[in-house]
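Trainee: structure for the following, please:
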Amino acid sequence: MSLQPSSTGNRQIVWPSVITVISAAILIGAEVFGAAFAGGWALAILLGLEDTAAHILQAVLFALGVLVMVAFIRAAQRVEPFTRRA
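Mentor: Purely as a prediction, here's the structure:
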């Protein structure tokens, strides 16, 4: 058996990386969610939908925005790791 240290022990948070990713996520999130709501509203008018259908369309686009943000944060974490070994 090998006596190598575990990969989860003695981790330190790399605050500059965390702050960079969170800042970018706030900026990109504002754009993604703003576009989701405005796009849902515009599509609802274009398609002649009622208010309820417009809100449902906005919710669907908002959910797609959440998926985009999750994918962004996962990709950003691979580039800018949040932790490192001590």
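Trainee: and the pLDDT for the residue nearest the centre of the chain?
Mentor: Centroid check for the chain by C-alpha atoms, centre = their mean gives residue 69 as the closest residue, at 2.0 Å. Looking at residue 69, its pLDDT is 94.
Trainee: hey, where'd the helices end up in the chain?
Mentor: Along the chain, counting by DSSP state H, helices occupy 15-47, 51-79.
Trainee: how far is the first one from where the chain is centred?
Mentor: What that stands for is helix 15-47. 9 Å (C-alpha atoms, centre = their mean, to the nearest Å).
Trainee: got a list of contacts for stretch 39-54?
Mentor: Stretch 39-54 is contacted by residues 55, 57, 58, 59, 60, 61, 62 when judged by C-beta atoms under 8 Å, 6 or more residues apart in numbering. Any C-beta I mention is one placed from the backbone N, CA and C, and that applies to glycine too.
Trainee: quick one: residue 47 and residue 39, what's the gap?
Mentor: The gap separating residue 47 from residue 39 is 12 Å, by C-beta to C-beta, to the nearest Å.
Trainee: residue 76 now?
Mentor: Distance, residue 76 to residue 39, using C-beta to C-beta: 24 Å.
Trainee: of the two, who's got more company?
Mentor: Legend: neighbour count by other C-beta atoms under 10 Å for residue 76 and residue 39, higher for residue 76 (18 against 15).
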